[in-house]
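Asker: Kindly generate the corresponding structure for this input.
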Amino acid sequence: MTRRWFFSILLSLPFASMAKRMEDIDVLGCKIKTDRLYRVDEDRFLFQWVKKEKQNLYSVGFMQVLSSMLYPIYSIKIKPVGTIVEFDSNLAVIETGKKVSTFPSPLGGKIVEINKALEEKPDTVIISPYSSWLVKIESNDEVSLKRLKKASDVVETVRKFIIREKVECLPKM
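Answerer: Numbers count the residues shown, from 1 in each chain. Modelled structure (predicted):
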C-alpha cells in the first residue's frame, strides 16, 4: 500500500467529506458558517445565527454582515439570565454609531447564559462575529427552529443585500 492510496481512501470516508461540507461560505467577502442555522430578514436588517450546543441548548449571535453594518458598536445591553423570551421578543439593545436598535430572539425559550464579555467589550462582535455569541437559550421551540435556514439557503439573500447596501464586511478574514 502506498501513502497516496491510503490518503485517497481516507478522504473518501464520510467524515472527510463532511468536513469539506463544513467549510465557510464566502459571499463577497462576508463569511457564513455552515455549522449553524440562520434567521435572515433583509427588510428588518436581521442577520442572526443559531448554533446547537447540545440538546435543547442554542447559542445566538450576529452574522458577519450584520456586525459590519453596525460598526462602531458602543454598547450591548443583554436581557438577564432567567428571562423567558418568545420568538421575536427583545434579547438585547445595541447602541451603534448610527442608532439604537433591538436584537430580537430567533427562537423562544429561557436565557440560561449571557456573554458578559460583549457588555464590557461590544466591538468583539465585529472582530469575531461567529465566536461572539450573545446568549445561550434553552429551547424546545420546534416551530421557531423550523423557520431557521441552512447557510446555503441564505447565500443569495445575503449577496443581494451586500450589493444593495454596499456592505464591506469587517474584519477582513
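Asker: chain center to the longest helix anywhere in the chain, what's the gap?
Answerer: As assigned by DSSP state H, the longest helix anywhere in the chain is helix 151-165. Offset of helix 151-165 from its chain centre (Cα atoms, centre = their mean, to the nearest Å): 14 Å.
Asker: contacting residues around it?
Answerer: 25, 27-30, 32-34, 36, 38, 40, 42, 47, 63, 65, 69, 167, 169 (Cβ atoms under 8 Å, 6 or more residues apart in numbering). Backbone N, C-alpha and C define where each C-beta goes, glycine included.
Asker: Keeping just the C-alphas, turn that helix into PDB.
Answerer: The C-alpha trace of helix 151-165 is given here as PDB (Å, rounded to 0.1, in the frame of the first residue of the first chain):
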ATOM      1  CA  ALA A 151     -26.200  28.500   5.300                       C
ATOM      2  CA  SER A 152     -26.700  27.500   1.700                       C
ATOM      3  CA  ASP A 153     -30.300  28.800   1.800                       C
ATOM      4  CA  VAL A 154     -29.400  32.300   2.800                       C
ATOM      5  CA  VAL A 155     -26.400  32.900   0.500                       C
ATOM      6  CA  GLU A 156     -28.400  34.600  -2.300                       C
ATOM      7  CA  THR A 157     -30.300  36.900   0.100                       C
ATOM      8  CA  VAL A 158     -27.100  37.900   1.800                       C
ATOM      9  CA  ARG A 159     -25.400  38.500  -1.600                       C
ATOM     10  CA  LYS A 160     -28.200  40.800  -2.800                       C
ATOM     11  CA  PHE A 161     -28.200  42.700   0.500                       C
ATOM     12  CA  ILE A 162     -24.400  43.300   0.400                       C
ATOM     13  CA  ILE A 163     -24.700  44.700  -3.100                       C
ATOM     14  CA  ARG A 164     -27.700  46.800  -2.400                       C
ATOM     15  CA  GLU A 165     -26.400  48.300   0.900                       C
END
